[in-house]
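Engineer: please work out how this folds:
(one chain, ligands or ions: 1)
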Amino acid sequence: MELQHITDNVYYLSSAINIGVIRGDDDQVVLIDSGIGDRSARHILRVLQIEGWRPVAVFNTHGHGDHVGGNAYLVEQAGVHVYAPLYDSVVIRQPLWGMLFMFAGGEPIHELAAPRFSPRPSPVDVIVTPGEYSVAGTIIEAITMPGHTGTHTCYRAGRVLFLGDLLSSEAELESAKISYAYSVTMRLESLARLRTIEADYYLLAHGDLRRDIGSLLELNIARIHETLDFIKAYLARGRAEAADVVAAVADHFGLNVNRVRDYSLLNLTVYAHLSHLHNHGEIDFELEGNRLWWKT
Ligand SMILES: [Zn+2]
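Structural biologist: Next up is the predicted model:
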């Protein structure tokens, strides 16, 4: 984890998940996300300590464990205040609600209890809504960009936009093929809106710092449309259950899913595509033989 200067008072800690650092008054800093667990949080505090900086707040982009997993440690060791958007705050306070996503709402199998899905619970002091927050002499603008989660939020500090998981990098799209989404409908709307949001620097949570995200943004949008078009074409050949659609989508993209966590994420994301198509009148379903069939 290395401290990188972006511009003005804005920095980031480069890592598997990048942490935003915005310097305010009296060596106080505000963080964007907190990493995957106590270990990440310890690294963050160590690096800040070398600079003589003191974290006073963390703004979470969303409630996934790799973004909020360090919250609890930062609260305990440094007394930071946690700012998080509404739906995500529920998961941050009670990680069980996030786990339920992974197993169709039922009590999850223990194999799904990975740190990424079940971080330590953390308090949330402020529920973030769109607009500006003034903390320790910094100005943080919250821009709600739902889709990845129900209230996923990007933050702008000066000329830097912290994207969270709104955009997948080329490398992520190459390996996972499909970006995780709670709502494909919201994600498409948020990506379209991102075209209109100006910044001089963009930081991907899992990726690098960019001056220009134009082609990556279009790649993310195109991948969603490719997936939607594939599902429609697949169902046009005959009705299918959701599990068949999951397998067909995986085959189409050449995926070989061999971990139950990856299957859960893919399954949930395919459901988000199915509901988008259904709610836009492009596919329908029928119940027959105690099975839920999807059809065009
Ligand atoms: Zn995420």
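Engineer: verify the stated contact: Ser263 with Leu255.
Structural biologist: Ser isn't right for residue 263; it's Tyr. No: contact criterion C-beta atoms under 8 Å: Tyr263 and Leu255 do not qualify, at 10.0 Å. Backbone N, C-alpha and C define where each C-beta goes, glycine included.
Engineer: just want to know which of the two has more residues nearby.
Structural biologist: A count of neighbours by other C-beta atoms under 10 Å puts Leu255 above the other of Tyr263 and Leu255, at 17 against 14.
Engineer: looking at that one now. What's its pLDDT?
Structural biologist: Looking at Leu255, its pLDDT is 96.
Engineer: you'd agree Phe162 is up against Leu203?
Structural biologist: Yes: using C-beta under 8 Å, Phe162 is in contact with Leu203, at 5.2 Å.
Engineer: neighbour-wise, which of the two wins?
Structural biologist: Neighbour count, other C-beta under 10 Å: between Phe162 and Leu203, Phe162 has more, with 29 against 26.
Engineer: contacting residues around the more buried one?
Structural biologist: 20, 32-33, 61, 154-156, 203, 205 (C-beta atoms under 8 Å, 6 or more residues apart in numbering).
Engineer: phi, psi for it please.
Structural biologist: phi -90, psi 110 (degrees, to the nearest 10).
Engineer: tell me the bridge partners for it.
Structural biologist: Beta-bridge partners for Phe162, by DSSP bridges, are Tyr155, Leu203.
Engineer: can you report phi and psi for the closest residue in space to Lys177 that isn't next to it in sequence?
Structural biologist: Leaving aside its sequence neighbours, Lys177 sits nearest to Phe253 (C-beta to C-beta, 6 or more residues apart in numbering; 3.8 Å). Note on Phe253: its backbone torsions stand at phi -90, psi 10 [degrees, to the nearest 10].
Engineer: so what's in contact with Phe162 and Leu203 at the same time?
Structural biologist: With C-beta under 8 Å, 6+ apart as the test, Phe162 and Leu203 both reach Gly20.
Engineer: can you list contacts of the helix or strand containing Asp229?
Structural biologist: Applying DSSP states H and E as the criterion places Asp229 in helix 214-236. Applying C-beta under 8 Å, 6+ apart, the contact partners of helix 214-236 are 167-170, 173, 177-179, 181, 184, 187-188, 191-192, 194-195, 210, 240, 245, 248-249, 252, 270, 273-274, 276-277, 282-283, 294-296.
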